[in-house]
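Student: I would like to see how this sequence folds:
(2 chains, ligands or ions: 4)
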Amino acid sequence: MNILDVENLWVKFPTRSGMFDAVRGISFSLGKERLGIVGESGSGKSMTGRAILRLIRKPGIVTADHIRLEGNDIMAMSERQMRDVRGQRISMVMQDPKFSLNPVMTVGDQIMEAYALHANASKAETKRKAMEMLEAVSIRDPERVFRAYPHEMSGGMGQRIMIAMMLIPGPEILIADEPTSALDVSVQTQVLGIIDRLVQERGMGLIFISHDLSLVTSFCDRVLIMYAGRIVEICQADKLHEAQHPYTRGLLNSLPRLDEPSKRLEVLKRDPAWREADSVSGSVSARA
Amino acid sequence: MSGIAIDNLNVWFSEGRDRVDAVKNAALTVRQGSSFGLVGESGSGKSTILRALTGLVPTWDGHMEAVGETLGKKRSARFYKKVQMVFQDPYASLHPRHSVDQVLGETLGLHGYRDIETRISELLDNVGLGPSFRFRYPHQLSGGQRQRVAIARALAPEPEILLLDEPTSALDVSVQAEILNLLTDLRTERNLTYLMVSHNLAVVGHMCERIAVMQNGEIVEVMTVQDMRAMKPKHTYTRHLLESSLGYKRAVSV
Ligand SMILES: Nc1ncnc2c1ncn2[C@@H]1O[C@H](COP(=O)(O)OP(=O)(O)OP(=O)(O)O)[C@@H](O)[C@H]1O
Ligand SMILES: Nc1ncnc2c1ncn2[C@@H]1O[C@H](COP(=O)(O)OP(=O)(O)OP(=O)(O)O)[C@@H](O)[C@H]1O
Ligand SMILES: [Mg+2]
Ligand SMILES: [Mg+2]
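Tutor: Ligands and ions are numbered 1, 2, ... in the order given. Just a heads-up that it's a prediction; the model follows:
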C-alpha cells in the first residue's frame, strides 16, 4: 500500500514574462521506502516537497489530479485538516534550516514546544526528551545548545536541530530537503542512521532531496531524476551508475574525484529536447 | 604577506557557563595565488575562522593578516574591496527585499564601477543564471540559484581573496562543475587566493593545494592534497574523516 500518491502535479508562478511552470505534471508514489530526488538546480525539487504540504506561497498556483495521503486527497482538505497533516503526519526539513527556526526562541524551548504539542508529558520529562534528541543527532554540548539561539549555531548544527524537531511527532512521511548538506561524513552517517531506523522499524516513508549522488545511491531505495520541472528518469538507487538519460549521465561525469584528479571538470551540454520530453511516471502501482 | 596569514588565533563567544571556545590557537598561511581548504567536524569552527577574518566576530585575539594588512578591530575600505566572502547560508546573507539586480548593482556602485549594466549581465552569465533572473527577489529563487547570486556578488568587486564557505553545497554537481571551473579560471587569470570550507573532500581535493583539518575548535592537521589523496593522515581524526568518506565511495563506486 502506498502512503502517498501524487498524480499530475503542477506548480506555476505568474512572472513579468508570463506563467513560469516550476513543476510540470509529475506523478510518483511513495511507499514505506527511501525515495531519493536528485536533479538540476531550479528543477522543482523543493517546490514538489512544499506542494505536498500545500506550502506554496501566493501567487504560486498548485494543481494536481490528486495527492493522496493513505487514500485521502490532500488537495481537497480544509486548511484546518492541513494543519493536522503538517503537525503530525508529514514533516518537512526545509533547505534553509536556520531560516525555519524561530530566531527569538532558544533551541531548547523550540524542541520542548514541538514535543509538548505532540505528547502529554511533564515539564521535566519534556526537557529530558529534548536533551535526548540533541544527543541523538551528535550535538557535542547539548546543555549549552539547549539554552542558545538559532543564530549561535553552526550551519550543520542548525540542520541537526531541525531534523531532531521534525522527527518528534513520529510522522508517517518525512520530506527532507538537503538535510545533511552541511554535515561532515561521520556526523552525517549518524543522523542518517536515525532516519533509516524510522523507515525500517516504523514504516515511515522518506522523500530525500539531495545533490550528493553517492549518498543517494547508498542510502535510498529508488531515485527520481528531475530536470526542468519534470521527471526524466527513475532508477533503482544502487543502479544509478547505470542510468541512461544524458542528463543523469552528465551528472555522474561532472563529479570531482579524490582518487582521479583532473585539471578541469566535465560540464554538461544541455539539450533543449530534454525539456520537451514527457515526464516519466514514478508511481509504483499499489500492491495490497 | 599579500595572501592570508593567521597565527595564535583564538575566537570565543559569551562568558561564564555558556562560553564557547570556537577557535583555539589556530595557525595557517595561504600564499597569494594559492588555494587552501578547511575541512572537519560540523561545529568545529570553520565558518568562525572566515568570519573572524572578515571582521564579523568581535571577540578574538591573536594575529591575522590579509592583502598585506595586519588586521585589527576595524578593516580598511581597501580590505572590504579586496576580500570577499560567500556565506554558508545564502538565504540569510541576501536581503529579502532586494532584487538580484539591486544586490549586484549596489555592490558595483559601492566599489565605484561605472559600466554597471554590462557587468551585471556578465556576472549572471558567469554563474549560469540567465537574464530572466535579474529582477527576481530571493524568495523567488531556488536554493542553488540563491547560492549563485551570492557567488556573483562576491565576484563583483574583483577581489584578490575569496573566502568561500561551502560555496557549492546547494548546487547539483553539473552546476558545481561549472562554478568550480570558473573559480579555477579566475585564479589563473587574476592570481586570486582562496580559502575554502567544504565537507566535500573531493571538492576540496580538486580545488586546493593544502588542507587544514579541524575538530572541536582546533586545527589538528595541515596536509597537502597529495597526502590526502594518498590517504596519509597523521592525526587519528583525519584518518577517521578520510576513511568515512571513502566508505561511501567504496560501497557504491559511482
Ligand atoms: N515565487 C517564485 N516566482 C517565480 N519563480 C519561482 C518562485 N519560486 C520558485 N521559483 C522557481 O521555481 C523553480 C523551482 O524551484 P525549486 O526551489 O523547486 O528548485 P530546486 O529543484 O529545489 O532547486 P535547488 O536544487 O537549487 O534548490 C526555480 O527555477 C525557481 O526559480
Ligand atoms: N554568534 C555565536 N554565538 C555563540 N556561539 C557561536 C556563535 N557562532 C558560532 N558559535 C559556536 O561556535 C562553534 C563553531 O561554529 P562554526 O559555525 O564555526 O562551525 P563550523 O565548523 O562552520 O560548522 P558547520 O560545518 O556545521 O557549519 C559552534 O559550537 C557554534 O555553536
Ligand atoms: Mg531546492
Ligand atoms: Mg560552517
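Student: near ligand 4 at all, stretch A:183-192?
Tutor: No: Stretch A:183-192 lies apart from ligand 4 when judged by Cβ under 5 Å from the ion; the minimum separation is 10.3 Å. For the C-beta atoms, the positions are set from N, CA and C on the backbone; glycine is no exception.
Student: my bad, should have said stretch B:162-182
Tutor: No: counting by Cβ under 5 Å from the ion, ligand 4 is not contacted by stretch B:162-182; separation bottoms out at 6.0 Å.
Student: what average pLDDT does that stretch get?
Tutor: If you average the pLDDT over stretch B:162-182, you get 93.
Student: go on, stretch A:54-68?
Tutor: What stretch A:54-68 shows for mean pLDDT is 96.
Student: and it, which residues are buried?
Tutor: Within stretch A:54-68, the residues that count as buried by 16 or more other Cβ atoms under 10 Å in any protein chain shown are A:56, A:60, A:62, A:64, A:66-68.
Student: repeat that for stretch A:158-174.
Tutor: Result for stretch A:158-174 [16+ other Cβ under 10 Å]: buried residues A:158-169, A:171-174.
Student: relative to A:Ser281, which of those residues is nearest.
Tutor: Among the buried residues of stretch A:158-174, A:Ile173 lies closest to A:Ser281 (Cβ to Cβ), at 19.4 Å.
Student: from ligand 2, how far out is the closest one?
Tutor: With distances taken as Cβ to the nearest ligand atom, to the nearest Å, A:Ile173 is found 26 Å from ligand 2.
Student: my read: that residue touches A:Ser91, true?
Tutor: Yes: using Cβ atoms under 8 Å, A:Ile173 makes contact with A:Ser91 at a distance of 7.4 Å.
Student: tell me how many other residues surround the closest residue to B:Glu166 other than its chain neighbours.
Tutor: Counting by Cβ to Cβ, 6 or more residues apart in numbering or on different chains, B:Gln88 is the residue found nearest to B:Glu166 once chain neighbours are left out, at 4.9 Å. As a burial measure, B:Gln88 scores 27 neighbours (other Cβ atoms under 10 Å in any protein chain shown).
Student: give me the beta-bridge partners of the closest residue to ligand 3 within the stretch 101-250 of chain A?
Tutor: Residue nearest to ligand 3 within the stretch 101-250 of chain A (Cβ to the ion): A:Asp177, separated by 5.9 Å. Counting by DSSP bridges, A:Asp177 forms beta bridges with A:Ile209.
Student: surely it and A:Val93 touch.
Tutor: Yes: look at A:Asp177 against A:Val93 with Cβ under 8 Å: they come within range, at 6.2 Å.
Student: how many residues are close by the residue of the stretch 101-250 of chain A closest to ligand 3?
Tutor: 22.
Student: what about it, distance to ligand 1?
Tutor: Distance of A:Asp177 to ligand 1, given as Cβ to the nearest ligand atom: 7 Å.
Student: same deal with B:Gly16?
Tutor: Counting by Cβ to the nearest ligand atom - B:Gly16 and ligand 1 are separated by 40 Å.
Student: quick one: pLDDT of that residue?
Tutor: According to the prediction, B:Gly16 has pLDDT 91.
Student: can you name the residue of the stretch 1-150 of chain B nearest to ligand 1?
Tutor: B:Gly144 (2.7 Å; Cβ to the nearest ligand atom).
Student: okay, and that residue sits in which element?
Tutor: Secondary structure from DSSP states H and E places B:Gly144 in helix B:143-155.
Student: residues contacting the residue in the stretch 1-150 of chain B that ligand 3 sits nearest to?
Tutor: Nearest residue of the stretch 1-150 of chain B to ligand 3, counting by Cβ to the ion: B:Gly143, 4.1 Å away. Residues near B:Gly143 by Cβ atoms under 8 Å, 6 or more residues apart in numbering or on different chains: A:41, A:46, A:95-96, A:177-178, B:90-91, B:170.
Student: how far away is it from ligand 2?
Tutor: Remark: distance between B:Gly143 and ligand 2 (Cβ to the nearest ligand atom) = 16 Å.
Student: ditto for A:Asp84
Tutor: Relative to ligand 2, A:Asp84 is positioned 33 Å away (Cβ to the nearest ligand atom).
Student: burial check on that residue, number of neighbours?
Tutor: For A:Asp84, the count of nearby residues is 11 (other Cβ under 10 Å).
Student: now swap in B:Ala170 and tell me
Tutor: For B:Ala170, the count of nearby residues is 27 (other Cβ under 10 Å).
Student: ditto for A:Asn102
Tutor: Applying other Cβ under 10 Å, we find 12 residues neighbouring A:Asn102.
Student: just A:Met47 next, same as before
Tutor: By other Cβ under 10 Å, the residues close to A:Met47 number 22.
Student: would you mind giving the secondary structure of it?
Tutor: Three-state assignment for A:Met47 (DSSP: H, G, I helix; E, B strand; the rest coil): helix.
Student: does it touch A:Asp21 like I think?
Tutor: No: A:Met47 lies out of contact with A:Asp21 (Cβ under 8 Å); the separation is 10.2 Å.
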